[in-house]
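K.L.:
Let's see this in three dimensions:
(2 chains)
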Number of protein chains: 2
Amino acid sequence: MTVKSDIEIAREAKMKPISQVGEKIAVPGDALLNYGPYKAKISAEFINSVKDRPDGKLILVTAISPTPAGEGKTTTTVGLGDGLNRIGKKAMSCLREPSLGPCFGVKGGAAGGGYAQVVPMEDINLHFTGDFHAITSANNLLAAMIDNHIYWGNKLGLDERRITWRRVIDMNDRALRSIVNSLGGVSNGFPRQDGFDITVASEVMAILCLASDLKDLQRRLGNIVVGYTRDKKAVLARDLKADGAMTVLLKDALMPNLVQTLENNPVFIHGGPFANIAHGCNSVLATKTALKLADYVVTEAGFGADLGAEKFLDIKCRMAGLKPDAAVIVTTVRAMKMHGGVAKNDLKGENVAAVAKGCENLKRHIENMRKFGLPPVVAINQFITDTDAEIDAVREAAESVGAKAFLCSHWANGGAGIEDLARYVAELADSGQADFKPLYPDDMPLWDKMNTIATEIYRASGITASASVKAQFKDLQDAGYGHLPICVAKTQYSFSTDPNLRGAPTGHEVPVREVILAAGAEFIVAVAGDIMRMPGLPSVPSAEAIRLNDQGHIENLS
Amino acid sequence: MTVKSDIEIAREAKMKPISQVGEKIAVPGDALLNYGPYKAKISAEFINSVKDRPDGKLILVTAISPTPAGEGKTTTTVGLGDGLNRIGKKAMSCLREPSLGPCFGVKGGAAGGGYAQVVPMEDINLHFTGDFHAITSANNLLAAMIDNHIYWGNKLGLDERRITWRRVIDMNDRALRSIVNSLGGVSNGFPRQDGFDITVASEVMAILCLASDLKDLQRRLGNIVVGYTRDKKAVLARDLKADGAMTVLLKDALMPNLVQTLENNPVFIHGGPFANIAHGCNSVLATKTALKLADYVVTEAGFGADLGAEKFLDIKCRMAGLKPDAAVIVTTVRAMKMHGGVAKNDLKGENVAAVAKGCENLKRHIENMRKFGLPPVVAINQFITDTDAEIDAVREAAESVGAKAFLCSHWANGGAGIEDLARYVAELADSGQADFKPLYPDDMPLWDKMNTIATEIYRASGITASASVKAQFKDLQDAGYGHLPICVAKTQYSFSTDPNLRGAPTGHEVPVREVILAAGAEFIVAVAGDIMRMPGLPSVPSAEAIRLNDQGHIENLS
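P.N.:
Alright, predicted model coming up:
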């Protein structure tokens, strides 16, 4: 059997004009700002006009701790939206926008896979509607205004050594991680250490994803701390008068993007903050708008449930007043095997014992969802090599902690392969079982918030920190930022801070190495692992093979 | 009298849906790729489908040597298109895209002015259809692949000291002019000197503007010289296998953008290469497509006629096989006064003698157009302070060298203010007087080409160069690049290389300081002045005042 590549399947899609896709959720033609025939932004006027409608049900798709075997969270989010539509529900999915840079490295895009994809896949993975470019421009305008302010006399007294605002570019480019800028003499400014992050890591991206409207966007942009004076007074983007122009640059980017699945169902793809340095969820505005337009909204959060779902719930839902109704935890037999101790090269062949052992990871994520008041269900993303006994082992593990598990073949069969899960999820969301509450209250001190996450979600013995990091916690608390939620930057591969510690470790310590204020996004990043702010390209980057073929189609983008 | 700002006039425009604008030039709806209701790209299929149609008449709008008083070339290009439509001709204009970065500095956008503007002005001046962002991405992908190649072993043997490819960003940011990259240790690569140019200065921009189709685009991108080995062998983008992915990134950007004037007439705005480091004209594809759709196509070239028109004719028209039918030289009474020796602060009050003296500059540009076989006509862009006697002085000067001059009030009155010129231009273009020929043949040696431009167009005594620059000429000639045209980088303010030498100097020497190969764009840049590759922001950048007002309109963008 020849398996078609994602791009081949996507290219065979029978796309409908985006106005017809909009009709499914009653979005009128004049509310659509088209970007070619198959992409559109939803107008701010229309979004405002529906804001008093009742909300549909919100379903979070999250996952076990990821392994190199892959789990298929985006694919399941897309497939579940299709499945809900197939069983007659008015449903849509809300995804994150993929980053341009990584498409030229290893990973490729992020528009689902197999027969659970969002199209036009090439456009979505490349420039799409320009949102990331707008974020890059806004981020870098602020950076240019910082150095320009210093150049022309530095009235605000910015300390060149304490500038925290970095430039960004949507490219995997390790050469820009650490630079010295403003070389070349008087007319080029004062040389200082600087560097570029990838655009998704920009605080502007997180802000765009959390802003409730243009006014809130500008307020948050103005609050960005760009650096400090010699006496450690914070200097804000507002002090540089950069917030107005940044908002102008982001005006269109703030509007959600409508596209379709291979089955012509509506999907919003909007915003894509890094799941480590930021909260890793699609935009509040897209999710909230979708809830006004559909009866069931399926959305995803980055990494495993310990990181992604926790941030979705404690940051995004808390800030936006969202109340999710159910949580789908995606797993695969292969990933359970790896959590059970099997190496990636040994995944072939039945190994029920390893699956059962690895399911400790799944079970903990299930239990954790209940701590937030969410009823959980497990989606087993089927692989052709899975055996019945292995699948049963996953089912039994889920049931042992009171959750149902459904075998899903949406990758191979689209919405038809995920109908059982769709039916159950709709029931679960409608059942009123959910009683969402964040893990910790706003007024808990920052240190205690981090400790609560570590003990309750990671099942660690507690957090540790050096004296200087403890002082950072105290400084932020004293400076009036104590009410903000915590955004943990930690390895996604383990509940612990050791990426090789699979399964369900307990009793470990979580060392917090650094605390970073995101005053515009309104969270505190607690760094308990490596933060990747700028990826590099591999020795043979995908870019070398990406090209147009003689028919004008893009080859080797995936 | 309160004079409305450009943005106020633009905001009051009664825009038509872009499909209706397309109907004026018989572009069917399915050939339009909409970007919102008022912007569209023309599909590659449609462009291909009209390529065997006969061409309309091509009219170049150029100008006297610019002065700080301004001349209004883009405004006249827009106004003349409107004027031709008003007198019943099927006409359209082809403009360059404005750059995002400078909008936040001093200058503002470039969408015309007064009642001769192109709309939606805010969109055009900001992200527009993303072309510049695509160029930034393609340029920087190549840059990332260069450093990545070195990082992973440098099989091609690139000499880190001889890398000529720079990164770009669409922002005025002097801090990035000169940097050291790849600092921070082993995992970040090998530190080397580097820098950023503004996006319009990228060779990718020039290539996009000169490419005849996607295949030609990829061929040219592959030919880019990114640097040299230790033994000075050129390394090409093709050697890094970057050309395919760069083409993919530029696939949509290559298609011309359709917008409208305030009078709802069609305009292509596409491509905007710097007029010093590059040739400064809008894209070949836009101009050629416009010639298939309209009977009269009005287009502009950067700076004064000595630089802009010369490059338009010797580079763009030569490469693309375009045969322009007439040249409009824009001037103002105020600018003639400045060429006659009056300072900017003394422009008020009649001064016929100074106008007459300054017209030596105009007369030479008129004569120069004849050297290319183009019949010239003068457009006097009216200011409210111009007196009849001053206007007559300009007319007389033009007539003394056999050219007519027309007083034009399109800035104040739109197309109605430029009907006389429009009638005459249509006659001139239809008359068959034009017999276009480039200034020099392809097979003339590079040195002689530059000397020909200097003596024939600038009326210099000749060119001079150091021994090392002479060697550069010889090396390029020997390396097989001798057939390429010359792209002069020189001050636009004078026929000479001294920006303060106004009027019509003769006998001066033109020192060539550097020669740069643009192997993808297929020209040789001869540097005879300062090259601005990256502007800075002023002490109070426009960005500080640009913002959304309470109605959601952009304030202070101009």
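K.L.:
Now do the same for the nearest residue to A:Lys14 once chain neighbours are set aside: helix, strand or coil?
P.N.:
Distances taken as CB to CB, 6 or more residues apart in numbering or on different chains place A:Asn264 nearest to A:Lys14, at 7.7 Å, with adjacent residues excluded. C-beta here means a position set from N, CA and C on the backbone, and glycine is covered the same way. For A:Asn264, the assignment made with DSSP: H, G, I helix; E, B strand; the rest coil gives coil.
K.L.:
Got phi/psi on A:Asn264?
P.N.:
phi 70, psi 30 (degrees, to the nearest 10).
K.L.:
For it, the count of nearby residues, please.
P.N.:
When counting by other CB atoms under 10 Å in any protein chain shown, one arrives at 16 neighbours for A:Asn264.
K.L.:
Give me the distance between it and B:Ile64.
P.N.:
58 Å (CB to CB, to the nearest Å).
K.L.:
A:Glu300 belongs to a strand?
P.N.:
Yes. Under three-state DSSP, A:Glu300 sits within a strand.
K.L.:
beta partners of it?
P.N.:
A:Val61 (DSSP bridges).
K.L.:
Looks like it contacts A:Ile59 (just checking).
P.N.:
No. Using CB atoms under 8 Å, A:Glu300 makes no contact with A:Ile59, being 9.9 Å away.
K.L.:
center of chain A, which residue is that?
P.N.:
Centroid-nearest residue in chain A, with CA atoms, centre = their mean: A:Gly280, separated by 2.7 Å.
K.L.:
so what's it up against?
P.N.:
Each residue near A:Gly280 by CB atoms under 8 Å, 6 or more residues apart in numbering or on different chains is listed here: A:96, A:273-274, A:301-303, A:307-308, A:311-312.
K.L.:
Tell me how many other residues crowd A:Ser49.
P.N.:
Neighbours of A:Ser49 (other CB under 10 Å): 13.
K.L.:
ok, the residue of the stretch 201-350 of chain A found nearest chain B - how many residues close by?
P.N.:
As assessed by CB to the nearest CB, chain B sits closest to A:Gly244 within the stretch 201-350 of chain A, at 2.9 Å. Counted by other CB under 10 Å, the residues lying close to A:Gly244 total 22.
K.L.:
Can you report phi and psi for it?
P.N.:
According to degrees, to the nearest 10, A:Gly244 has phi -70, psi -50.
K.L.:
can you pull the contacts of it?
P.N.:
A:218, B:543-548 are the contacts of A:Gly244 under CB under 8 Å, 6+ apart.
K.L.:
Find the nearest non-adjacent residue to the residue nearest to the centre of chain A, please.
P.N.:
Nearest to A:Gly280 is A:Gly302, by CB to CB, 6+ apart, at 3.0 Å.
K.L.:
Can you give me the distance of the one you found to A:Cys94?
P.N.:
Distance, A:Gly302 to A:Cys94, using CB to CB: 13 Å.
K.L.:
just A:Val259 next, same as before
P.N.:
From A:Val259 to A:Cys94 the distance is 11 Å (CB to CB).
K.L.:
what is in contact with those two at once?
P.N.:
Shared contacts of A:Val259 and A:Cys94, counting by CB under 8 Å, 6+ apart, come down to A:267-269.
K.L.:
Among the residues you listed, name the ones in strands.
P.N.:
Residues of the shared contacts of A:Val259 and A:Cys94 located in strands (DSSP state E): A:267-269.
K.L.:
Same list, the residues you listed, but as JSON lines with pLDDT, distance to chain B and neighbour count please.
P.N.:
As requested, those are exported to JSON lines (pLDDT from 0 to 100; distance: CB to the nearest CB, whole Å; neighbours: other CB atoms under 10 Å in any protein chain shown):
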{"residue": "A:Val267", "pLDDT": "98", "distance to chain B": "20", "neighbour count": "27"}
{"residue": "A:Phe268", "pLDDT": "98", "distance to chain B": "18", "neighbour count": "28"}
{"residue": "A:Ile269", "pLDDT": "98", "distance to chain B": "16", "neighbour count": "26"}
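K.L.:
Model confidence at A:Met77, what's the number?
P.N.:
One thing to correct before we go on: residue A:77 is Thr, not Met. We have a pLDDT of 97 for A:Thr77.
K.L.:
How about the contacts made by it?
P.N.:
Counted by CB under 8 Å, 6+ apart, A:Thr77 has contacts A:61, A:93, A:95, A:112, A:298-300.
K.L.:
farthest pair in those residues?
P.N.:
Within the contacts of A:Thr77, A:Gly112 and A:Thr299 form the most distant pair, 13.6 Å apart (CB to CB).
K.L.:
Looking at those two now, which is surrounded by more residues?
P.N.:
Legend: neighbour count by other CB under 10 Å for A:Gly112 and A:Thr299, higher for A:Gly112 (32 against 27).
K.L.:
Could I get the phi/psi values of the more buried one?
P.N.:
Taking degrees, to the nearest 10 as the convention, A:Gly112 sits at phi 90, psi -170.
K.L.:
Does the residue lying closest to it once chain neighbours are set aside lie in a helix or a strand, and which?
P.N.:
In space, not counting the residues next to it along the chain, A:Gly112 is nearest to A:Val78; the distance is 4.1 Å by CB to CB, 6+ apart. If you go by DSSP states H and E, A:Val78 is part of helix A:73-86.
K.L.:
chain center to the following helix or strand past that helix: distance?
P.N.:
Following helix A:73-86 in sequence order, the next helix or strand is strand A:91-95 (DSSP H and E). In terms of CA atoms, centre = their mean, to the nearest Å, the centre of strand A:91-95 is found 14 Å from the chain centre.
K.L.:
what pairs with strand A:91-95, and is each one parallel or antiparallel?
P.N.:
strand A:266-269 (parallel), strand A:296-300 (parallel).
K.L.:
Go through the ones you listed and name the closest to B:Phe46.
P.N.:
That would be strand A:266-269 among the strands paired with strand A:91-95, by CB to CB, at 28.0 Å.
K.L.:
can I get the CA coordinates of that closest one in PDB?
P.N.:
Output of strand A:266-269 as PDB, limited to C-alpha atoms (Å, rounded to 0.1, in the frame of the first residue of the first chain):
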ATOM      1  CA  PRO A 266     -14.900  25.600   9.400                       C
ATOM      2  CA  VAL A 267     -11.700  26.100  11.400                       C
ATOM      3  CA  PHE A 268     -10.200  29.200  13.000                       C
ATOM      4  CA  ILE A 269      -6.400  29.200  12.900                       C
END
